[in-house]
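>>> kindly return the folded structure for what I paste below:
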Amino acid sequence: MSKLNWGIVSTGRIAALFCQDIAFAENNHLYAVAARTQDDADVFAQQYHVEKAYQGYQTLFDDPDVDIVYIATPHNFHFQQTYDALMAGKHVLCEKPMTVSVEECQILVDLAKAKNLLLMEALWTYFLPALKHAKQWLDDGLIGQLKHIKVDFGYPIPFNPDDRAYNPQLAGGCLLDMGIYPLAIANYFLDADIGNLYVQAHCCETGVEDDVIIIAKSEQVMVSLAASFQCRLSNNAYIIGDKGYIIIPDAFRASKCHLYHLDEQVDTFSDNRQSLGYHFEAEEAYRLIENGIFESKVVSHRHSLLLQSQMAKVKSLINKS
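Numbering: from 1, shown residues only. Coordinates of the predicted model:
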């Protein structure tokens, strides 16, 4: 396979960021884009040098020259669009969260396996060099025994009951939008699921959570996570051991990490990349498909199902509070 032809579903902000980064991904080609209107598809195609522009997503799924579909629509649409793409014989990279329930996620996993197609959740953070470097420090024992993980992610989003983020019918709320990052980053550094969950949340007048704090435990590791639409949080990750700790600034888009022993910074890493970092997941998709592998070890089906399970547990605790 000389190149991987991408079909882009959506012309929104995330789709634009992904397409901007494809230039850094060797053997990956922006072949087609689909939107609800032809005008939107045409404008996007011209801006990002995409060969073909389609009105309607099924037309893109039916194009025989599309190898893989990147789904970047709001997450309440992910299940049906991923299902339709897989049924059309396309590999799929789907934005997080891949679905809004464990049951939906399992259906897609089973379908992808039955059809021998790649299905990968677009957890781009997992492929960032800084996160991988921090994990190596941990694995090498440079912070000793892991004791605490603290991660948060929040940006203020002005309340608007008509906005997708605040609409319960569109799977709104900060847990699925932002909370998935702290959960995913915590999972990246842990060897086990989290349990003993304690959740505090504030719900806005539409009924969705706009601020949430999660306290949990994973074997002997204490976990503290937060997400918010109300304010900008630190957006950092702290990986803390009994001999030192790691700080990952802006962990969701990390470009650097710092290693400390007590109060002394003893090492630092910076990837000095020119891209935003979305191209790493595109390169992973190419590598897997080129080698006939249909599940990523970095973002496995198990990872996606685990995230769905964790978010469901947190959601149930929010609903009870």
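>>> now the residue nearest the centre of the chain, what are its backbone angles?
The chain has residue 123 as the residue nearest its centroid, 3.1 Å off, counting by Cα atoms, centre = their mean. Backbone torsions of residue 123, given as degrees, to the nearest 10, read phi -90, psi 70.
>>> that one contacts residue 97, correct?
No. Checked against Cβ atoms under 8 Å, the pair residue 123 and residue 97 is beyond contact range at 9.7 Å. For glycine as for every other residue, the C-beta is placed from the backbone atoms N, C-alpha and C.
>>> circling back: what sits against the residue nearest to the centre of the chain?
By Cβ atoms under 8 Å, 6 or more residues apart in numbering, the contact set of residue 123 is 96, 184, 281, 299, 303.
>>> can you flag the buried ones in those residues?
For the contacts of residue 123, burial is judged from neighbour counts taken by 16 or more other Cβ atoms under 10 Å, and it is met by 96, 184, 281, 299, 303.
>>> residue ranges of the strands in the stretch 1-150 of the chain, please?
4-9, 28-35, 52-55, 68-71, 91-95, 119-122, 146-154 (DSSP state E, counting those that start in this stretch).
>>> export the ones you listed to JSON lines and tack on mean neighbour count, mean pLDDT and distance to residue 205?
What follows is the strands of the stretch 1-150 of the chain, written out as JSON lines (neighbours: other Cβ atoms under 10 Å; pLDDT from 0 to 100; distance: least, Cβ to Cβ, whole Å):
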{"stretch": "strand 4-9", "mean neighbour count": "25", "mean pLDDT": "98", "distance to residue 205": "32"}
{"stretch": "strand 28-35", "mean neighbour count": "23", "mean pLDDT": "98", "distance to residue 205": "32"}
{"stretch": "strand 52-55", "mean neighbour count": "19", "mean pLDDT": "98", "distance to residue 205": "36"}
{"stretch": "strand 68-71", "mean neighbour count": "26", "mean pLDDT": "98", "distance to residue 205": "30"}
{"stretch": "strand 91-95", "mean neighbour count": "26", "mean pLDDT": "98", "distance to residue 205": "27"}
{"stretch": "strand 119-122", "mean neighbour count": "26", "mean pLDDT": "98", "distance to residue 205": "31"}
{"stretch": "strand 146-154", "mean neighbour count": "22", "mean pLDDT": "98", "distance to residue 205": "19"}
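>>> which members of the contacts of residue 123 are positioned in helices?
Among those, DSSP state H puts 184, 281, 303 in helices.
>>> ok, of these, which one's closest to residue 268?
Proximity of the ones in helices among the contacts of residue 123 to residue 268 was ranked by Cβ to Cβ; the top entry is residue 184 with 23.5 Å.
>>> pretty sure that closest one is touching residue 128, no?
No. At 11.9 Å, residue 184 does not count as touching residue 128 under the criterion of Cβ under 8 Å.
>>> ok, now which ones touch the closest residue to residue 224 other than its chain neighbours?
Spatial nearest neighbour of residue 224, excluding adjacent residues (Cβ to Cβ, 6 or more residues apart in numbering): residue 150 at 4.5 Å. By Cβ under 8 Å, 6+ apart, the contact set of residue 150 is 223, 224, 225, 237, 238, 240.
>>> apply 10 Å and report the result again.
Residue 150 makes contact with 182, 186, 222-226, 234, 236-240, 245, 247 under the criterion Cβ atoms under 10 Å, 6 or more residues apart in numbering.
>>> which of those residues fall within helices?
With helices defined by DSSP H, the entries of the contacts of residue 150 inside them are 182, 186.
>>> residue 195: which of the contacts of residue 150 is nearest?
For the contacts of residue 150, the residue nearest residue 195 by Cβ to Cβ is residue 223; the value is 9.6 Å.
>>> pretty sure the closest one sits against residue 197.
Yes. Counting by Cβ atoms under 10 Å, residue 197 is a contact partner of residue 223 at 9.2 Å.
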